[in-house]
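1. Mind looking at a prediction? Sequence and model below.
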2 protein chains.
Amino acid sequence: MNKAIVLASRPQGWVKAEDFRLESMPLPAAKDGEVLVKNHWLSLDPYMRGRISDAKSYVPPVAIGAVMVGQTVGEVVESNHPGFKAGDHVLTSLGWQTHGVAKGGEISKVEAKAGVPLSYYLGVLGMPGLTAYFGLYEIGHPRAGNTLVVSAATGAVGSVVGQLGKASGCRVVGIAGGKAKCDYAVKELGFDACVDYKAGKLNEDLAAACPDGVDVYFENVGGAIMEAVMMRMNFASRMIVCGLISDYNATEPYGVKTVRAILVNRIRVQGMIVFDWLARYPEGIKALAGLVAAGKIKYRESVVQGIENAPQGFIDLLQGKNFGKQLVKLI
Amino acid sequence: MNKAIVLASRPQGWVKAEDFRLESMPLPAAKDGEVLVKNHWLSLDPYMRGRISDAKSYVPPVAIGAVMVGQTVGEVVESNHPGFKAGDHVLTSLGWQTHGVAKGGEISKVEAKAGVPLSYYLGVLGMPGLTAYFGLYEIGHPRAGNTLVVSAATGAVGSVVGQLGKASGCRVVGIAGGKAKCDYAVKELGFDACVDYKAGKLNEDLAAACPDGVDVYFENVGGAIMEAVMMRMNFASRMIVCGLISDYNATEPYGVKTVRAILVNRIRVQGMIVFDWLARYPEGIKALAGLVAAGKIKYRESVVQGIENAPQGFIDLLQGKNFGKQLVKLI
């Protein structure tokens, strides 16, 4: 049997466990040109909040009753496609389920090797890592000596952004919630400083951590944190709008009052989604794999066990309770 | 005697006539390397609101009791600089006064010719025209067939932006306050459409005027108008943040709730100030003068008479009562 999590209702505000439902169904059959995959790992990501909202976005929302979308890595158990054989490891978009059938063109082979477990293809070598890589370099244009600030600093994207910044000669300042995450950013990831936004003095702490202002801001959260950083951005600085997680569960978006900073300091603000660089994924994966192998990028995972716990893992992620890339282990 | 308007008090919210004071003083003497100028025209511009506020900006504010800043064109009446002689017409930064002394390096010669009166060097061939030229082309990157929206469409900057857009093959949609301004934008300036934001149905009118969305948005006003346009911006569109006149007199900045549009549509938002292209002013003036001479850029002025009326002219400008480039005629 296949077990899947389907969307039961469209959440208003914070996502609840009741917005999802576990369903069981017979294993699907692989037709000609298709493969049946048993998923090992499911990735949970903030963008999924947008996919279950009916606000205008870059793709239509998940329908009520449909299997939740998401990437997995798994193992081919039956192949009717000449490019794959049973036992191959593959990256898929099969969503929140233990098994699934995909066309050959919809999956790609991945390979576990020393220092690179399969799950890394959902994180540092997958969409989050590539988001960090292309967003930082293609929009942020970091230069040695620049001050780079990244919010959600210990998350799957933020932790890679900051370490790429260090590797590129920047002063790197993270923003994260709580002392444990901030300690991790500085002591384990090598950031120069990390501001705990839960400590209640965001502006003062940010000022102390960024004595020369901010040249590049990689934005994952939005809201009051975005405002605080924008007020410290330098002339001709760059802001990458990658995520606005603080807005995703709000019933009304935050009203940003710092637009004038864009004018006064000639800030360049640009939105990004990793798909925009789809044709260049191999370049990004190669570069990131090299940095992981060289020990220049450390990576941490936050794992929940079993498909039935995926909704709670997702809710924890949206509330910032995860510590590292959020995954569901399915086997 | 020289007559000058000085800043009497720092306004909170809307500027009032009492925030200024007319003073008379003896004519200053031109020392070695200096010239004495009699001003003919004074330019009034929205940026001046920022210069009398003590909010952080790109230059320090005008001090209480100091002569208001601004550009003038005038005539040299006495020269102790080898590069200038009595009777030369010059562009200056002498501010709100009938006369003033400037160093030779602080002024530049201008020449009235057929179709180009002296006052044009404060408008279409001056800072507003150059703001339009560099902002639109260097940040907006308009392409033939693009939809270009410009707010404050009949103002000194907006009217040039729109006409440059038409000359570059764009569909041009203005936003202005009132039927008279909108009629002028369409019938005189050749815009394809103009939305009257005072008509009370901004969103519907904007949707009707931009059936293919918005590719380039030249922002002069901010606030609710900015939000309405942002929600119609296309994938990979560009927004030039040139002015936020709706915020300048507000005691608290407007909270912009449409930041998510930047992410979803990968909009590039960039602030600009014309000084950034100082080294390229001659290129811009030459290009604009050619378009004016060819009849491709029409230009309208709104004139108040006498230095004593400059404060009221400035207040009218901030309230959108001017119709065309706001000037004070000093002779």
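-> Perfect, thanks for sending it.

2. Tell me which residues touch A:Gly243, please.
-> By C-beta atoms under 8 Å, 6 or more residues apart in numbering or on different chains, the residues touching A:Gly243 are A:46-47, A:152, A:157, A:219-222, B:263. Just so you know, the C-beta spots here come from the backbone N, C-alpha and C atoms, and that holds for glycine as well.

3. oh sorry, the question was meant for A:Ile297
-> A:124, A:160, A:163-164, A:167, A:288, A:291.

4. Same question for A:Ala86.
-> A:76-79.

5. mind redoing it with 10 Å?
-> A:35-36, A:75-79 (C-beta atoms under 10 Å, 6 or more residues apart in numbering or on different chains).

6. rewinding a little: name the pair among the contacts of A:Ile297 with the greatest separation in space.
-> A:Val124 and A:Ala167 (13.3 Å; C-beta to C-beta).

7. neighbour count winner among the two?
-> The residue with more neighbours, out of A:Val124 and A:Ala167, is A:Val124; 29 against 15, by other C-beta atoms under 10 Å in any protein chain shown.

8. Leaving out chain neighbours, which residue sits closest to A:Pro11?
-> In space, and not counting its chain neighbours, A:Pro11 is closest to A:Asp19: 4.6 Å by C-beta to C-beta, 6 or more residues apart in numbering or on different chains.

9. With A:Gly104 instead?
-> A:His81 (3.7 Å).

10. pretty sure that neighbour is touching A:Glu34, no?
-> Yes: look at A:His81 against A:Glu34 with C-beta atoms under 10 Å: they come within range, at 6.3 Å.

11. Do a quick rundown of the strands in the stretch 51-200 of chain A.
-> Taking DSSP state E, counting those that start in this stretch as the test, the strands found in the stretch 51-200 of chain A are A:72-79, A:89-92, A:99-103, A:108-109, A:147-151, A:171-176, A:193-196.

12. Which one, of the ones you listed, ends up nearest to B:Tyr184?
-> strand A:147-151 (45.4 Å).

13. Give me the buried positions along stretch A:119-126.
-> Of the residues in stretch A:119-126, A:119-126 count as buried by neighbour count, 16 or more other C-beta atoms under 10 Å in any protein chain shown.

14. Give me the distance between the two termini of that stretch.
-> Counting by C-alpha to C-alpha, to the nearest Å, you get 9 Å between the two ends of stretch A:119-126.

15. Give the rounded mean pLDDT of it.
-> Throughout stretch A:119-126, pLDDT has a mean value of 95.

16. where do the strands sit along the stretch 201-331 of chain A?
-> Under DSSP E, counting those that start in this stretch, the stretch 201-331 of chain A gives strands at A:214-219, A:233-241, A:268-271, A:301-305, A:325-329.

17. will you turn these into a markdown table that also has mean neighbour count and mean pLDDT?
-> Listed next are the strands of the stretch 201-331 of chain A as a markdown table, based on neighbours: other C-beta atoms under 10 Å in any protein chain shown; pLDDT from 0 to 100:
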| stretch | mean neighbour count | mean pLDDT |
| --- | --- | --- |
| strand A:214-219 | 27 | 98 |
| strand A:233-241 | 22 | 97 |
| strand A:268-271 | 24 | 98 |
| strand A:301-305 | 17 | 95 |
| strand A:325-329 | 25 | 96 |
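
18. so which of those comes closest to B:Lys198?
-> Here strand A:268-271 is closest among the strands of the stretch 201-331 of chain A (C-beta to C-beta), at 29.1 Å.

19. And for the residue nearest to A:Gly104, the neighbour number?
-> 18.

20. mind listing what's buried in the helix of greatest length in chain A?
-> Longest among the helix segments of chain A by residue count, using DSSP state H, is helix A:281-293. By neighbour count on 16+ other C-beta under 10 Å, the buried set for helix A:281-293 is A:281, A:284-285, A:287-289, A:291-292.

21. what is the rounded mean pLDDT of it?
-> 90.

22. That helix and chain B in contact?
-> No: using C-beta under 10 Å from any C-beta of the partner chain, helix A:281-293 never reaches chain B; the gap is at least 17.3 Å.

23. What lies in contact with that helix?
-> Against helix A:281-293 from outside (C-beta under 10 Å, 6+ apart): A:108, A:110, A:113-116, A:120-121, A:123-127, A:129-134, A:137, A:160, A:163-164, A:167, A:274-275, A:277, A:296-299.

24. Tell me how many other residues surround the residue of chain A found nearest chain B.
-> In chain A, the residue that lies nearest chain B is A:Gly255 (2.0 Å; C-beta to the nearest C-beta). Neighbour count for A:Gly255, taken as other C-beta under 10 Å: 15.

25. That one and B:Pro253 touch, don't they?
-> Yes: look at A:Gly255 against B:Pro253 with C-beta under 10 Å: they come within range, at 9.2 Å.

26. so who does the nearest residue to A:Gly155 once chain neighbours are set aside touch?
-> Spatial nearest neighbour of A:Gly155, excluding adjacent residues (C-beta to C-beta, 6+ apart): A:Asn220 at 6.6 Å. A:Asn220 makes contacts with A:46, A:131-132, A:135, A:150-153, A:155-158, A:161, A:175, A:226, A:240-246, as judged by C-beta under 10 Å, 6+ apart.

27. at 7 Å instead, please
-> A:151-152, A:155, A:157-158, A:242-243, A:245 (C-beta atoms under 7 Å, 6 or more residues apart in numbering or on different chains).

28. can you redo those residues as a markdown table with pLDDT?
-> Formatted as a markdown table, the contacts of A:Asn220 follow (pLDDT from 0 to 100):
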| residue | pLDDT |
| --- | --- |
| A:Ser151 | 97 |
| A:Ala152 | 93 |
| A:Gly155 | 89 |
| A:Val157 | 94 |
| A:Gly158 | 95 |
| A:Cys242 | 95 |
| A:Gly243 | 88 |
| A:Ile245 | 81 |
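
29. Which residue ranges of chain A form helices?
-> Using DSSP H, helices in chain A cover A:47-51, A:127-134, A:158-167, A:179-183, A:202-209, A:223-230, A:245-248, A:259-264, A:281-293, A:310-318.

30. Adding distance to A:Ala193, write those out as JSON lines.
-> JSON lines is the format used below for the helices of chain A (distance: least, C-beta to C-beta, whole Å):
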{"stretch": "helix A:47-51", "distance to A:Ala193": "28"}
{"stretch": "helix A:127-134", "distance to A:Ala193": "19"}
{"stretch": "helix A:158-167", "distance to A:Ala193": "11"}
{"stretch": "helix A:179-183", "distance to A:Ala193": "9"}
{"stretch": "helix A:202-209", "distance to A:Ala193": "4"}
{"stretch": "helix A:223-230", "distance to A:Ala193": "13"}
{"stretch": "helix A:245-248", "distance to A:Ala193": "21"}
{"stretch": "helix A:259-264", "distance to A:Ala193": "21"}
{"stretch": "helix A:281-293", "distance to A:Ala193": "22"}
{"stretch": "helix A:310-318", "distance to A:Ala193": "25"}
